[in-house]
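Asks: Please work out how this folds:
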Amino acid sequence: MNLVSSTINQWSVLSGLIPVIYSLSRGTPSAIVFDEHQRLEILLTILQSTLGFLLLVNLRLEAYEALVLFVFWLVQFLVPSLRGPMVWVYAGWCGSRSSDPRRQPEAPRPPGRMARRPGARRKRCRSSKRPDAFVPGRRLNPGTILSA
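Replies: I've put the predicted structure just below:
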């Protein structure tokens, strides 16, 4: 998951820094003149980054999402003439993902043994059946020793 996240982050930084680096190399603020092919490639990169972000916003990447993303990339790689229509496919998928209320970010779960799956039932602690177990709000006698 970190590899995918860092790749998406690098794509985002790359597409955002292109005009800055170009202006620095010329020594003056300059506009970049792109031909149609370059515009299409940059737009595809930005849409793929946006889609990657939207797929990972809930901290899960489903297998079918990864497979469809790979197939889309493979199609545009093998058939370059389909890159124009693929822009609309990526834009439509981004639009549907961003407007889906079921895809909200999850709150981070605590690490280790304390982490529970969503919807899992909470197990009752065995020690709560013992009379000497700690119970919040219960007063202990001064001579009571809690066992581990």
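Asks: in which helix or strand would I find residue 77?
Replies: helix 63-78 (DSSP states H and E).
Asks: neighbouring contacts of the helix or strand just after that helix?
Replies: As assigned by DSSP H and E, the chain's next helix or strand after helix 63-78 is helix 83-98. Helix 83-98 has contacts (CB atoms under 8 Å, 6 or more residues apart in numbering) with 40-41, 43-44, 47-48, 50-51, 54-55, 72, 75-76, 103. Placement of C-beta: from N, CA and C, glycine included.
Asks: try it again with 7 Å
Replies: If you take CB atoms under 7 Å, 6 or more residues apart in numbering as the criterion, helix 83-98 is touched by 40, 43-44, 47-48, 50-51, 54, 72, 75-76, 103.
Asks: So for the longest helix anywhere in the chain, mean pLDDT?
Replies: Taking DSSP state H as the criterion, the chain has its longest helix at helix 2-26. For helix 2-26, mean pLDDT rounds to 81.
Asks: list the buried ones in it?
Replies: By neighbour count on 16 or more other CB atoms under 10 Å, the buried set for helix 2-26 is 8, 11-12, 15.
Asks: Dump the residues you listed into a markdown table; add distance to residue 94 as well.
Replies: Formatted as a markdown table, the buried residues of helix 2-26 follow (distance: CB to CB, whole Å):
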| residue | distance to residue 94 |
| --- | --- |
| 8 | 13 |
| 11 | 14 |
| 12 | 14 |
| 15 | 15 |
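Asks: ok, residue 48 - how many residues close by?
Replies: If you count neighbours by other CB atoms under 10 Å, residue 48 ends up with 22.
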